[in-house]
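[1] Need coordinates for the following:
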Amino acid sequence: MKVNEKIQGNTFLKIITNRYVLIFIVFLVWMLFFDENSYLNHREYNKEIEELKNSIEFYQKEIDANKKMIEALQDPERLEKYAREAYRMKKENETLFLIEFDTLD
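    Sure, this is the predicted structure:
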């Protein structure tokens, strides 16, 4: 049996060497890897979308916490307490002592 007869008898090679199948394979490879809207680009875009969704959630939680803080600081007593603790403010004729604890590492 000659090599040419083996090739003609093999249905897999007939399908692969069909011009339409070759064109489809080239088109498929182009669309998956080289096109502007390729599968690889879509994966990167999806990762970026997930990161943006996570940052939206984080900032939404921060906004909610800040709104609660603003509501809490509407009370003058709480505002004074916050100013004393966070900014170490004091009243006139008042002495402020800062006590720091050393932690053993």
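
[2] Which stretches in the protein count as helices?
    Under the criterion DSSP state H, helices of the chain are mapped to 3-9, 11-16, 19-29, 39-72, 76-87.

[3] okay, the ones you listed in JSON lines with distance to Ile99, mean neighbour count and mean pLDDT next?
    Placement of C-beta: from N, CA and C, glycine included. As requested, the helices of the chain are exported to JSON lines (distance: least, C-beta to C-beta, whole Å; neighbours: other C-beta atoms under 10 Å; pLDDT from 0 to 100):
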{"stretch": "helix 3-9", "distance to Ile99": "91", "mean neighbour count": "9", "mean pLDDT": "63"}
{"stretch": "helix 11-16", "distance to Ile99": "81", "mean neighbour count": "10", "mean pLDDT": "74"}
{"stretch": "helix 19-29", "distance to Ile99": "70", "mean neighbour count": "10", "mean pLDDT": "87"}
{"stretch": "helix 39-72", "distance to Ile99": "25", "mean neighbour count": "10", "mean pLDDT": "95"}
{"stretch": "helix 76-87", "distance to Ile99": "13", "mean neighbour count": "11", "mean pLDDT": "86"}
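
[4] Quick one: the ones you listed as TSV, columns for distance to Leu96 too.
    Below are the helices of the chain laid out as TSV (distance: least, C-beta to C-beta, whole Å):
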stretch	distance to Leu96
helix 3-9	94
helix 11-16	85
helix 19-29	72
helix 39-72	23
helix 76-87	9
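
[5] Go through the ones you listed and name the closest to Glu100.
    Minimum separation from Glu100 across those (C-beta to C-beta) falls at helix 76-87, 14.4 Å.

[6] from what I can see Leu40 touches Asn46, true?
    No - Leu40 lies out of contact with Asn46 (C-beta atoms under 8 Å); the separation is 10.9 Å.

[7] picking that back up, compare the helices of the chain and report which one is nearest to Leu98.
    Closest to Leu98 of the helices of the chain, according to C-beta to C-beta: helix 76-87, at 11.4 Å.

[8] Tell me who's in contact with the most centrally placed residue in the chain.
    Nearest to the mean C-alpha position of the chain, by C-alpha atoms, centre = their mean, lies Glu51 at 1.4 Å. For Glu51, no residue meets the contact criterion (C-beta atoms under 8 Å, 6 or more residues apart in numbering).
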